[in-house]
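Fold the following and give me the result.
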Amino acid sequence: MIKMLHLLKQPWPWYVAGPLIGLTVPALLLLGNKSFGISSSLRHICASCMPANIPFFKYDWKKEAWNLFFICGILLGGMLTVKLLGDPNPVSVNPTLAKELAGYGITDYRNLIPEDIMNWRSLFTLKGFLLMIPGGFLVGFGSRYAGGCTSGHAIMGLSNLQWASLVATVCFMIGGFIMANLILPLILSL
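Purely as a prediction, here's the structure:
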């Protein structure tokens, strides 16, 4: 049992983690003819809380309640994994990248999200505001405009050979490269 916990604490290689993620698609389809996706759960939450006179939220969200349990399971599983199997050591960062990030004031690698820029104090700075508020809005707007998020299109849509998912995934990747290499360095240098 102790050896098993030790193995679980190690990063899983892509050839193990990838197929496990990929197996969620047939499992959801076989167990209940359900589609994998995360962003639609926000619509279900809003539909359960909003008055029924808003047309976008006027549907039987209770039929999709399984999705809300699925999201809760992801959150709970993530929290339990960090608590039980989390590595107390700082995140390992390539020295070249660490030097570049230090130029932007990012030096704390204790968590997966750099607290140097993602915290309540930073929200009231131009850099933090741009990363969290417009950035969050663009992620939410983009996923709804694309008809789904990266997990829904790249995992579920591509496995179902949907042309729209291929286009969306290519656009997500291009947008990610542009953001990471052109826009984010400009924002971090503020």
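
Name the next helix or strand downstream of the least confident helix or strand in the chain by mean pLDDT, please.
Here the helix or strand of the chain ranked lowest by mean pLDDT, DSSP states H and E is helix 2-9, holding a mean of 69. Using DSSP states H and E, the helix or strand that follows helix 2-9 towards the C-terminus is helix 14-22.

Contacts made by the next helix or strand after that following helix with the rest, please.
The helix or strand immediately downstream of helix 14-22 is helix 24-32, counting by DSSP H and E. Under the contact criterion C-beta atoms under 8 Å, 6 or more residues apart in numbering, helix 24-32 has outside partners 34-36, 66, 155-156, 159-160. In short, each C-beta sits where N, CA and C put it, glycine included.

likewise stretch 118-136?
Residues from elsewhere that reach stretch 118-136 (C-beta under 8 Å, 6+ apart): 116-117, 187-188, 190.

Take the contacts of helix 24-32 and write them to CSV, including secondary structure.
Below are those laid out as CSV (DSSP: H, G, I helix; E, B strand; the rest coil):
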residue, secondary structure
K34, coil
S35, coil
F36, coil
W66, helix
I155, helix
M156, helix
S159, helix
N160, coil
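
between those residues, which is nearest P55?
P55 has its nearest neighbour among the contacts of helix 24-32 in S35, at 22.3 Å by C-beta to C-beta.

tally of neighbours for that closest one?
By other C-beta atoms under 10 Å, the residues close to S35 number 15.

how close does it sit to D116?
Going from S35 to D116 by C-beta to C-beta, to the nearest Å gives 37 Å.

Equivalent analysis for G18, please.
31 Å.

Pick out whichever of these two has more residues nearby.
Taking other C-beta under 10 Å, G18 and D116 do not tie; D116 has more neighbours (17 against 11).

Specify the local secondary structure of that one.
Applying three-state DSSP: D116 is coil.

the domain parsing of this protein - what is it?
1-86, 117-190 (automatic domain parsing).

Same list (those) but as TSV, adding distance to P95.
Converted to TSV, the domains of the chain look like this (distance: least, C-beta to C-beta, whole Å):
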stretch	distance to P95
domain 1-86	19
domain 117-190	18
